[in-house]
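Engineer: A predicted structure for the sequence below; I have some questions about it.
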Amino acid sequence: MSELQTSVQTILDKYTSGNGASNVPGAVAYISDTKGNEVAWASSGRISIAEPNPMKKDTIFWIASCSKLLISIAALQLVERGQLNLDDPIDKFLPEAGELKMLSDGSAPRKIPTVRDTMLILSGQACALFNQDLANWFGAKGLPPTANLDSTRASLFTPYASQPGEEWNYGFNIDWAGLAIEVVTGLDLETYYRQNIFEPLGIKDITFKPRSAGLFDRLAASHMRGPDGEILPFIPLLLPEEDKMESIYPGAGLFGNGAEYTKILVALLNGGTHPAGGTILKPETVQLLKKDQLEGKLVDDLERKFDRVIPEVISDRFAGCLSPGLKKNWAYGGLRLKGEYSNRIPYIASRTLLTVLTISLFSCWNVDRETPDSRTERRWWIDFKDGTCGMVHTQMSPFPDKASEDMLAEVESLVHAAYAK
C-alpha cells in the first residue's frame, strides 16, 4: 500500500468516525495520475447512517452537476465532426426555448440563447431552488420550488430569469445543450455517451437510470445536517420511476463512481486520449475545453450569492462558485481557478494556473414534489500542471457542507503536495 493511499484512507476514516458537525456518514475518494495509475482509492464509513452496511470503493453516487462535463465533451465532439455550430440559436433544436418570455415582466428576451450560451451558463435559465423569483413564479401556480425539478420536459423550460447572453446565472443552462445533442444525433443522451465516451474508455458504471443498469443496490443513501450538526437520514436522491421518465436532466442526472468518472479526466490530462486506449477529443479541443470564455461583467457574476430558497437544501455559504474572492473564469469544462493559492478558501488549496474544476451545485428532481430535493457533495478536479485528477464523494446537504469540503481540502492538498512541480 502506497504512502498516499494510507494517508487518504486516514483522512476519510477521521471524517467518518462520528456523527457530529465535523463528520460525514461515508465517503469515497479516487485519485489518478496522467498515466492512468490508481494513486489512491479509499472508502470509509457507511452507505447509510440508518444501516450498518459499509461504504465500499465501488459504491454508486448521484453525481449531480458533475454530469455537465460530459455534455461539454459530447457537444465539442459534434463540433469536431462538423455536426454542431455553437453559434446556432438553441431554438433551432429546442423550439420551446424560442417561446419563453422574461420572468420579470413577460416581455420577449432580447435574443434567443445560442448553444454556446447554454454551455457557458448564460442561457438565462435559473433554478427555483436558489432563485426566489422563479420559486415565486412556481408558487403563483400552486407549486413548490421542487416542481422545477420533476421528471417532465416542461420543468426544463421556465421563463428567462435573466437576459440570455448577458448574465452568468447558474440553473438549467447546459441541460439544453444536452437535449440539442439528442436532436442532432437522433440518439438518447445515454446511448450517445455509451458509444462515444463510455465504450472508448471502458466505462460501464455511469448511467442516467441506475435501476435499469443494475446499480441500484450499490447506491449510497442521502443525508442532511441537523440543526446541531448531527447527521440525519434525508430523502432519496434522484430516484425516478424510470419507466415514467418524460425527460432526463442532462446536466445533473448521472449516477456513477469516481473510479469510472476519473477515466474521463485521465483522457483529458492526455489531450483527449487515455493511455490505455480510447480517444474522446482531439488535443486542440481539450485546449478549448479549458480556455477562459467570460469577460467583463460576466466574470464578476461568478461571485454572486444565490438565494437560499430551501434551507435544508442550500446553505448560506453558496456563493462565489464556492471560491469567493479568488480569481476565476468559466470554461466549457467548468470553473477555472487562476493563479497559485496557499490557502484553501473554502476548500481550494495550491491550485495551479491550468487547473480546471467543475462544481457540483444543483439539479435533480424528485418524484414527490412536496419533498425538498437534496443537494449533496461530490467533486472532481483535474490539474494539468501537476498531472493529477480525482473525485471525492459524500452525500450531505445542505450544500455546501463544511465537513465535506474540509475533507476534500485535506485530500486534494495531500495530492498536490505529493505531485507539485
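Structural biologist: Nice, thanks for sending it over.
Engineer: Only the buried residues of stretch 87-105, if you could.
Structural biologist: Within stretch 87-105, the residues scored as buried using 16 or more other CB atoms under 10 Å are 89-94, 97, 100, 102-103. In short, each C-beta sits where N, CA and C put it, glycine included.
Engineer: what do you get for stretch 211-221?
Structural biologist: Under the neighbour-count criterion of 16+ other CB under 10 Å, stretch 211-221 has 211, 213, 215, 218-221 buried.
Engineer: try stretch 279-295
Structural biologist: Buried positions in stretch 279-295, judged by neighbour count with 16+ other CB under 10 Å: 280-281, 285-286, 288-290, 293-294.
Engineer: now do stretch 39-51
Structural biologist: Neighbour-count burial for stretch 39-51, with 16+ other CB under 10 Å as criterion, is recorded at 39-49.
Engineer: Spatially, what comes nearest to Arg46 if we skip its sequence neighbours?
Structural biologist: Gly26 (5.0 Å; CB to CB, 6 or more residues apart in numbering).
Engineer: With Asp91 instead?
Structural biologist: In space, and not counting its chain neighbours, Asp91 is closest to Gly98: 3.3 Å by CB to CB, 6+ apart.
Engineer: Quick one: residues contacting the one you found.
Structural biologist: Going by CB atoms under 8 Å, 6 or more residues apart in numbering, Gly98 touches 89, 91, 112.
Engineer: Could you verify my assumption that Val266 touches Tyr30?
Structural biologist: No. The pair Val266 / Tyr30 is not scored as a contact, 10.9 Å apart, by CB atoms under 8 Å.
Engineer: Can you show me the strands along this protein?
Structural biologist: Ranges of strands within the chain are 26-33, 38-45, 61-62, 223-225, 231-233, 255-256, 328-331, 334-337, 355-358, 378-383, 388-393, 396-397, based on DSSP state E.
Engineer: Would you format these as a markdown table with mean pLDDT included?
Structural biologist: A markdown table is the format used below for the strands of the chain (pLDDT from 0 to 100):
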| stretch | mean pLDDT |
| --- | --- |
| strand 26-33 | 95 |
| strand 38-45 | 96 |
| strand 61-62 | 90 |
| strand 223-225 | 90 |
| strand 231-233 | 88 |
| strand 255-256 | 94 |
| strand 328-331 | 90 |
| strand 334-337 | 82 |
| strand 355-358 | 40 |
| strand 378-383 | 79 |
| strand 388-393 | 91 |
| strand 396-397 | 84 |
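Engineer: Any chance of the ones you listed in TSV with distance to Ala128 as columns?
Structural biologist: Shown next, in TSV, are the strands of the chain (distance: least, CB to CB, whole Å):
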stretch	distance to Ala128
strand 26-33	29
strand 38-45	32
strand 61-62	19
strand 223-225	19
strand 231-233	24
strand 255-256	23
strand 328-331	22
strand 334-337	22
strand 355-358	22
strand 378-383	22
strand 388-393	26
strand 396-397	16
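Engineer: Which of those strands sits closest to Ile310?
Structural biologist: For the strands of the chain, proximity to Ile310 was assessed by CB to CB; strand 396-397 is nearest, at 9.5 Å.
Engineer: Quick check: can you name the pairing partners of that closest one and their directions?
Structural biologist: According to DSSP bridges, strand 396-397 forms sheet pairs with strand 223-225 (parallel).
Engineer: where does the strand it pairs with sit relative to the chain's centre, distance-wise?
Structural biologist: 19 Å (CA atoms, centre = their mean, to the nearest Å).
Engineer: ok, how many other residues are close to Lys305?
Structural biologist: Neighbours of Lys305 under the rule other CB atoms under 10 Å: 12.
Engineer: distance of the closest residue to it other than its chain neighbours from Asn37?
Structural biologist: For Lys305, ignoring the flanking residues on the chain, the nearest one in space by CB to CB, 6+ apart is Ala319 at 3.7 Å. Remark: distance between Ala319 and Asn37 (CB to CB, to the nearest Å) = 36 Å.
Engineer: When the two are compared, which one has more neighbours?
Structural biologist: Counting neighbours by other CB under 10 Å for Ala319 and for Asn37 shows that Ala319 has the greater number, 16 against 11.
Engineer: distance of that one from Ser162?
Structural biologist: 17 Å.
Engineer: Contact partners for the closest residue to Tyr160 other than its chain neighbours?
Structural biologist: Of all residues not flanking Tyr160 in the chain, Gly124 sits nearest, at 3.8 Å (CB to CB, 6+ apart). Residues near Gly124 by CB under 8 Å, 6+ apart: 109, 113, 117, 160-167, 169.
Engineer: out of the residues you listed, which are inside helices?
Structural biologist: Judged by DSSP state H, the contacts of Gly124 include Asp117 as members of helices.
Engineer: And the contacts of Gly124, which is closest to Thr6?
Structural biologist: Nearest to Thr6 among the contacts of Gly124 is Asn169, at 43.3 Å by CB to CB.
Engineer: how many other residues sit next to the residue nearest to that closest one when sequence neighbours are not counted?
Structural biologist: Counting by CB to CB, 6+ apart, Ser162 is the residue found nearest to Asn169 once chain neighbours are left out, at 4.8 Å. For Ser162, the neighbour count with other CB under 10 Å is 22.
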